[in-house]
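**Student:** I would like to see how this sequence folds:
(chains A, B and C)
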Amino acid sequence: MSRPPSRRTMRRPLARRIDDFLRDWSLPRQLAGQPHRSDAARSTLSEGLRPRLEQADTVSTTICPYCAVGCAQLSYVKDGRLIHIEGDPRSPINQGTLCPKGAATFSLVNNPQRLSRVKWRAPYSDRWEEKPLDWAMERIAQLVKRTRDETFVHKLPNGTTVNHTMAIGSLGGATLDNEENYLIKKVFSAGLGLVWVENQARV
Amino acid sequence: MTEVHARAQEHTPSEFNRMIPDESELTAGVRIEPGRSYGFFTDTTLCIGCKACEVACKEWNALPADDVRLSGMSYDNTRRLSSTTWRHVAFIEKEVRDNTQQALQSSWLMMSDVCKHCSPAPCLEACPTGAIFRTEFDTVVVQQDICNGCGYCVPACPFGVVAMDDNDGKAHKCTLCYDRMKGGLEPACAKSCPTDSIQFGEVEALQTRAETRVQELRDRGVAGARLYGTPGAEGATGGIRHLNASFLLVDRPEVYNLPAAPSRPAERIAPALGSGLVAVAGLALAAFALLGRRR
Amino acid sequence: MAQWDVANSDCIIVMGSNMAENHPIAFRFVLQAKERGATVIHVDPRFTRTSALADIHAPIRAGTDIAFLGGIIRHLLENDLWFRDWALAYTNIAEIIEPGFQDAGSGGGKFSGWNDEKRGYQFDTWQPEGMAMASAISEHYLNTAENFSSMTHKLAEHPPPEDRSLRHPMCVYQILKRQYAAYTPEMVAKTTGCPQETFLKVCEALARNSGRERTGAFCYAVGWTHHSTGVQMIRAAALIQGLLGNVGRPGGGILALRGHTSIQGSTDIPTLYNLMPGYIPHPNAQKPETSLKDYLEHETVPTGWWHNFPKYIVSLLKAWYGDAATGQNEFGFQLLPKIMGDHSQLPMTMAMADGTIRGMFMLGQNPIIGGSNSDTVQRGLAKLEWLVVRDMVETETASFWHKGRLVERGELSPDKVATEVFLMPAELGPEKEGTVTNTHRLVQWHDKAVDGPGDSRSELWFVYHLGRRLKQLYAGSTDPQDAPIQAVTLDYREKGARREPSAEDVLREINGYTWPDRKQVAAFTELKDDGSTACGCWLYSGAWPKQDHNQARSRVPDPPQGPGTHLGWAFAWPANRRTLYNRASADPEGKPWSERKKLVWWDAEKKDWNSPDALDFEPHKPPGYRPDWSHPNEGMDAISGANPFIMMADGKAALFVSSGLKDGPLPTHYEPVESPVRNPVHPATQTNPGAKTWGRPDNPLHEVGDPRFPHVLTTYRLTEHHSGGIPTRLVPHLAELQPEGFAEIPPELASALGIANLDWVVLSTARGEVETRALVTERLRPFEIAGRRIHQIGMPWHFGWVGYATGDIANALTAVVGDPNTSMHENKALTCALRKGRIPRPPEAAE
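**Tutor:** Down below sits the predicted model:
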């Protein structure tokens, strides 16, 4: 079993560290009678500390991708990169809260294991090959056309028009947007004649 | 009906260009200002053991997953607080029998444990470098740029919270999201908590809320309800006046693996010194007597 | 009901759901109600994190929910604890049913009309006397009488006959009493294993918290649907809520807790074989509806709101086929594919295994983990000619040809698998824009925050561009069978360098606009059946009601002072309504049943309805309106001002369901298809007679009480993981919380088999076996059923071989078995064997 990546520790040159330490060491200042909570005890790091959400240049409202409760999330973006996701305090559903899955949405989206290229496995091959997206789209279109043309039923023997193929199926939709489901049903079913169109609603 | 904070009306676009200022007011009903005392009140009777607090903490503080294996201890695969785990939900299974159930966790206890941000804080007192300090929000933080990894704070903590990290050799623990508080944000664990078992706010207000809540629960028949870490309660002992992170429990603290009577090492110095001197004198007397008799 | 409305309940029964674990944020409202004094009850086979917070945990043997709920129905009727004023006015409790009807209580577990040969019912005797009730989706047409359709038209002549004194032996009230006579507390205890005392506590709490001043709610999830009797479990709750008046009122109702973010949306705008958008039945070649005219004649209900049906289907055809849909060609009705029978996931599994299906798209679904009988699923994938998997990583389903159970056993290997596999990176929620529909019909728009990595694309992009390519490939064809793909419209604007189709344009089309000038319709009441409007889903009209107004993107919650319906937060279908049938919160005269539970009321001066919610009734229709039955009345004219259930043909909540269900007008306890015991309630009928089973060598079933498989097995989910597990097993912060598969075993059984906590154990069924770790826990209790001690074992089904948290696949144990109405599988209740130890694995596979 693989292990999750562990934290990389930050290393600074020894001389810098000694220098910083002498500057930041608060004990002499605290012993000199300055109270705990004054600036005396605060290090450079503490002094400059700010929440990274302040760096966001765009805050977008998104909806949690896990269950169906529909918690609103705020996605914080800086220079086109996602920096964090957390609960949207304005939502009457979650008012800023999130469950453990929702709280991990940033790690889901920002997951280093995610695919970024199309992989293709030829019949009887023992490996994946990377393929350009455009190549895959054209190849899939050709396969769909071939299978559809070989199996399409326009009319039943009794004359009823059925316009369907029983040889192609599509599974999935409950994790997708309404607009996506709409196009799947429209293109696959109303356009290509698929009848095996199903999603997780029965799972 | 669910109440959304009135200030939500000020931020109605779907997309905007900077974070909501003073967001803590919307999520915790409190504005965060330096010079005031802040902490947690964790009401275990509302805890559903979901571990959102653990995840929100690790996501915000970029802490790694560690020790990924099945513990066999109920649903507690986290096991303990550590240098990389600053929230830990403990699960305590008790016997489940028909019709013996009381509302609010009589049979399966769950509690989200965290650094207590003690007042006064033994770890801070033990820290020779000043790395551990009390912030402008009255919370206790280990400053990573100062910590030299001496480890004195580790045994000083009566709760076993502070821990050394093998990777960087420094002490780590919950910061009560110091960085977030500086930006007016509620700490990540409390913000995420689905049932408001973890409540964030000003310590005095939380203590008042805790007192009201425990009384109310006792009135409702939750016999074991008790506070931990509020002034005068269990957990606020041995020279610790109160815990900035206090708890409401429904059983004895030991059941949750919390010490019933934690104390500051500093508190133990004078009595320990005294009893040590007495012991030395006693031993000397005994030796004298024994030796004298032999002679 | 709106999720947040649960906070207004006085009694909440969570049943068929582990709400605290699987819907933690929704459970927030349960605890808010509890803080206001509500009683919280959890009825469940296991003691879970939900049970831990409840006032009462009522343990039941998996699959016996109807015995429990039937017991509640009997208790309410026998002790006269139902809300008489409400139920008499608003339900069909007084309706008189055909004299030939026999209930299952008197009929040995079967209703009148059973046909052994067809393994189905004739529905004639289930009808109101002298007429026939129409259901919204009239699939029942297939096995019913010839004159069924004309009989439904009697609804336009007069309402169903009633006896308001409730003395008529064939009125629904008397039928209910006979049907549930056997469901005594003793029988409930004997069947479910729940102690009588606990059962009665539940009945009393529910009854005490219903009526004028108080309301109760049921919350359920897949713990009810994953049964061969799943639909009837939900029906039983609906029946109880109808008796108690807990519908359409604040804090009352049934909350369905759904499992995927837009599983509601993908049912409304369905990627389902039997539906078209807005619950319009998909044309079926087996039905006598070969033309649009026939289809409209057979599917249009004469009375009630559904009478508007022709407007919705014609507008849908315009949205799909545009200019190619005209009055001259039946608006393109013939272009639609016709279904032939059941094409749901269970038969799909078999069709893949049989080689009928040659090419498959997997769009964010992972059936090796989530599908029943996982080995058969894997064999089916290996028979495909091509497979397109679109997901975030290489899922189990994408890797079946080189990893997994069958490869490990040597049954499959790359050199034996001919399937051409495409694995395409997909974008996730924050990387695309569009709407999801959450569990309480709330349609929420989400913004696009960033682009997905590399070549990852949205499904909108994929289907749109694949569709464009295919339209090009078919552009020159003159073959009539290619007309549908030529006709289907795909004229959305494209955005950016990736040429992403505009989700906004798609939502505008779903909402509907006039044709051809494309002005948005504000509501479905503006839709027409003459081709002058196009609408992708009538129920969503109002989501984009004006040219530049996306209501689903509205973010204005109510202020703290209320009213708390949050009409400014997103859009709830239909018509932005938060509580369905809210007219029922007022009495027949239009006065609220109580101030405490006020939601809708009639203002006699203004002569109009008032509500902080969007009214679910005909606007301005006075409570005193009564149809003039001296002549026929169609559509809403036939619905009186005191009948809130406008989607029903008679305007009433159906305690007794004459049409629409294949397995009986009333819920009846049947044992799960696999059970250790004989049916204690109806010994002559063991299982749901209509249950769908596929008896084949690759899907064997256990006989009742098979000694080889003595234990009950139930499968379930955990807070820390999500469904098929891919989006959580890959996230370290979640994987560490539940890092490995396990089975929960009661200590009594563990000790009898010498199993210690964390030991390896093997669970097996006739379909397959899995090894996992034992979690020995008091939270699973043995049951005493019919003098026998029955043990229950629980196993989460999230795990597989991908990710940081792994484990054997629970669905390798389950069978392809389905509910007769929905073809939903029965993975919540089956039987299994348990032993200590591990499964021997070949040495190279062991590591």
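
**Student:** going forward, measure contacts between C-alpha atoms and count neighbours the same way
**Tutor:** Will do.

**Student:** can you name the next helix or strand after the least confident helix or strand in chain A by mean pLDDT?
**Tutor:** Using mean pLDDT, DSSP states H and E, helix A:27-31 stands out as the lowest-scoring helix or strand of chain A, at a mean of 54. Elements were assigned by DSSP states H and E; along the chain past helix A:27-31, the next helix or strand is helix A:44-48.

**Student:** and that following helix, average pLDDT?
**Tutor:** For helix A:44-48, mean pLDDT rounds to 92.

**Student:** how far off centre is it?
**Tutor:** Helix A:44-48 sits 33 Å away from the centroid of its parent chain (CA atoms, centre = their mean, to the nearest Å).

**Student:** is it anywhere near chain B?
**Tutor:** Yes: using CA under 8 Å from any CA of the partner chain, helix A:44-48 comes into contact with chain B via A:T44, A:L45, A:S46.

**Student:** can you give me the helices in the chain?
**Tutor:** Answering for chain A, as no chain was given. With DSSP state H, the ranges of helices along chain A come out as A:14-24, A:27-31, A:44-48, A:100-103, A:105-109, A:133-151, A:178-183.

**Student:** meant chain B actually
**Tutor:** Using DSSP H, helices in chain B cover B:23-28, B:52-61, B:122-126, B:153-156, B:178-182, B:188-192, B:203-219, B:265-294.

**Student:** could you say which of those is packed most deeply?
**Tutor:** helix B:188-192 (a mean of 28; mean count of other CA atoms under 10 Å in any protein chain shown).

**Student:** do that helix and chain A meet at all?
**Tutor:** Yes: counting by CA under 8 Å from any CA, chain A has neighbours in helix B:188-192: B:K191, B:S192.

**Student:** on contacts alone, who are the packing partners of that helix?
**Tutor:** Counting by 3 or more CA pairs under 8 Å, 6 or more residues apart in numbering or on different chains; DSSP states H and E, the packing neighbours recorded for helix B:188-192 are helix B:52-61, strand B:198-202.

**Student:** tell me the confidence at the nearest residue to C:I510 once chain neighbours are set aside?
**Tutor:** Once flanking residues are discounted, C:I510 sits nearest to C:G536: 3.8 Å by CA to CA, 6 or more residues apart in numbering or on different chains. For C:G536, the model assigns a pLDDT of 98.

**Student:** for C:H402, see how far away C:G536 is.
**Tutor:** Note on C:G536: its distance to C:H402, by CA to CA, to the nearest Å, is 41 Å.

**Student:** looking at the two, which is more packed in?
**Tutor:** Neighbour totals were compared for C:G536 and C:H402, and C:G536 leads with 31 against 19 (other CA atoms under 10 Å in any protein chain shown).

**Student:** pLDDT wise, what is the spatially most central residue of chain C at?
**Tutor:** Centrality entry for chain C: nearest residue to the mean C-alpha point is C:T225, 6.7 Å, by CA atoms, centre = their mean. Note on C:T225: pLDDT of 97.

**Student:** B:F40 too?
**Tutor:** 98.

**Student:** roughly how far does C:D759 sit from chain B?
**Tutor:** 10 Å (CA to the nearest CA, to the nearest Å).

**Student:** what about that residue, neighbour count?
**Tutor:** Other residues within reach of C:D759, judged by other CA under 10 Å, total 18.

**Student:** what do you get for C:K403?
**Tutor:** Residues near C:K403, counting by other CA under 10 Å: 18.

**Student:** how about the one 3 residues further on?
**Tutor:** A count of nearby residues for C:L406, using other CA under 10 Å, gives 17.

**Student:** equivalent analysis for C:G410, please.
**Tutor:** By other CA under 10 Å, the residues close to C:G410 number 9.

**Student:** over to the one 10 residues further on?
**Tutor:** Around C:E420 sit 18 other residues, with neighbours defined as other CA under 10 Å.

**Student:** next, it: phi, psi?
**Tutor:** phi -90, psi 120 (degrees, to the nearest 10).

**Student:** quick one: low-confidence parts of the chain?
**Tutor:** This is for chain A. Scanning chain A for pLDDT under 70 picks out the ranges A:1-40.

**Student:** wrong one, I was asking about chain C
**Tutor:** C:136-149, C:843-847.

**Student:** and chain C, split by domain according to the record?
**Tutor:** What automatic domain parsing lists as the domains of chain C is C:8-259+C:578-585+C:647-669, C:692-846.

**Student:** outline the domain layout of chain A.
**Tutor:** Following automatic domain parsing, one gets these domains for chain A: A:14-48, A:52-109, A:152-202.

**Student:** in CSV: those domains, plus mean neighbour count and distance to chain C.
**Tutor:** Output for the domains of chain A, formatted as CSV (neighbours: other CA atoms under 10 Å in any protein chain shown; distance: least, CA to the nearest CA, whole Å):
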stretch, mean neighbour count, distance to chain C
domain A:14-48, 16, 26
domain A:52-109, 25, 4
domain A:152-202, 25, 4
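
**Student:** that older thread, in TSV: the helices and strands packed on helix B:188-192, plus distance to chain C and mean pLDDT.
**Tutor:** Shown next, in TSV, are the helices and strands packed on helix B:188-192 (distance: least, CA to the nearest CA, whole Å; pLDDT from 0 to 100):
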stretch	distance to chain C	mean pLDDT
helix B:52-61	6	98
strand B:198-202	13	98
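
**Student:** would you reformat the ones you listed as a markdown table and include distance to C:G568?
**Tutor:** Formatted as a markdown table, the helices and strands packed on helix B:188-192 follow (distance: least, CA to CA, whole Å):
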| stretch | distance to C:G568 |
| --- | --- |
| helix B:52-61 | 28 |
| strand B:198-202 | 28 |
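
**Student:** closest to C:L239 out of the ones you listed?
**Tutor:** helix B:52-61 (36.5 Å; CA to CA).

**Student:** does chain A have contacts with the closest one?
**Tutor:** Yes: counting by CA under 8 Å from any CA, contacts between helix B:52-61 and chain A involve B:A52, B:C53, B:E54, B:V55, B:A56, B:E59.

**Student:** now, among those, which is nearest to chain A?
**Tutor:** Distances from chain A to the residues of helix B:52-61 next to chain A, taken as CA to the nearest CA, are shortest for B:A52 (3.7 Å).

**Student:** residues making contact with stretch C:513-526?
**Tutor:** Identification of contacts with stretch C:513-526 by CA atoms under 8 Å, 6 or more residues apart in numbering or on different chains yields C:508, C:511-512, C:527, C:531-535, C:538-539, C:541-542, C:544-547, C:575.

**Student:** oh, I was asking about stretch A:102-109
**Tutor:** A:64-66, A:83-87, B:52, B:55-56, B:59, B:192, C:428, C:430, C:727-728, C:730-731, C:733-734.

**Student:** which of the helices of chain B has the lowest average pLDDT?
**Tutor:** When I compare the helices of chain B, helix B:265-294 is least confident, with a mean of 67.

**Student:** quick one: contacts for the residue nearest to the centre of chain C?
**Tutor:** C:T225 neighbours (CA under 8 Å, 6+ apart): C:G16, C:V231, C:M233, C:I234, C:M824.
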